[in-house]
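Enquirer: model this:
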Amino acid sequence: MNTSFESKDLRAALGRFATGVTIVTCVDAAGQPVGLTANSFNALSLEPPLVLWSLRGASPNLVAFVAASHFTVNVLAESQIDLSRRFASPVHDRFAGADWQPGLGGAPVLSGCAAVFQCASDKHLPMGDHMLFIGRVLAVADAALPPLVFQAGHYHQLGRTL
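Expert: Okay, the predicted model is just below:
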């Protein structure tokens, strides 16, 4: 076990963990939709229903999410890789051409996702170089679609069930 490591070593080891891919959305103070690709999403509690995700402290979207009363976690389907890439890039209007509807608190709900969690923003906590967001799940939806998977810096298909 390596007890002396650099940030790049930690990043490489964390990359061995396969995750789903989400687009987390909210509306900013002006009522404009905000969204970004994130793979830091996780379940926290069933009773009460809580989820969590984190955002880099240097993100230009941090102010909008800290101020938002609600956010939506859109779990992407395998077919939504282009949407994931668009929301991970610095394009001006990430929502242009995306099929979405305003959800609870105005937070965008994207169409065609494997799952959607509409949440009231419960807490945000600074942790290291990120902000941790905890949301109380108010509404949930899912579809029998294979999820988009991310591992070692690349997108993957789920593969066969064992």
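Enquirer: if we ignore the residues flanking it in sequence, what's nearest residue 126?
Expert: residue 57 (6.9 Å; Cβ to Cβ, 6 or more residues apart in numbering). Where you see a C-beta, it was placed from the backbone N, CA and C, and this is true even at glycine.
Enquirer: next one: phi and psi at that neighbour?
Expert: phi -60, psi -30 (degrees, to the nearest 10).
Enquirer: for it, the count of nearby residues, please.
Expert: 12 (other Cβ atoms under 10 Å).
Enquirer: and the strands in this structure?
Expert: 19-20, 22-27, 33-38, 42-45, 50-56, 70-75, 100-102, 108-110, 115-127, 130-142, 149-151, 154-156 (DSSP state E).
Enquirer: pull the residues that contact the fifth one.
Expert: In other words, strand 50-56. 22, 24, 36, 38, 40-44, 61-62, 65, 73, 117, 119, 122, 127, 129-137 (Cβ atoms under 8 Å, 6 or more residues apart in numbering).
Enquirer: direction included, what does it pair up with?
Expert: strand 42-45 (antiparallel), strand 130-142 (antiparallel) (DSSP bridges).
Enquirer: average pLDDT across that strand?
Expert: Averaging pLDDT along strand 50-56 gives 98.
Enquirer: how big is the angle separating that strand from strand 115-127?
Expert: With axes from the mean of the first three to the mean of the last three Cα atoms, to 10 degrees defining the directions, strand 50-56 sits at 60 degrees from strand 115-127.
Enquirer: show me how far strand 50-56 is from its chain's centre.
Expert: Distance of strand 50-56 from the chain centroid (Cα atoms, centre = their mean, to the nearest Å) equals 8 Å.
Enquirer: picking up where we left off before, from the strands paired with strand 50-56, which stretch is densest packed?
Expert: Comparing the strands paired with strand 50-56 by mean neighbour count (mean count of other Cβ atoms under 10 Å), strand 130-142 ranks first with a mean of 17.
Enquirer: that's all I had, so thanks and see you.
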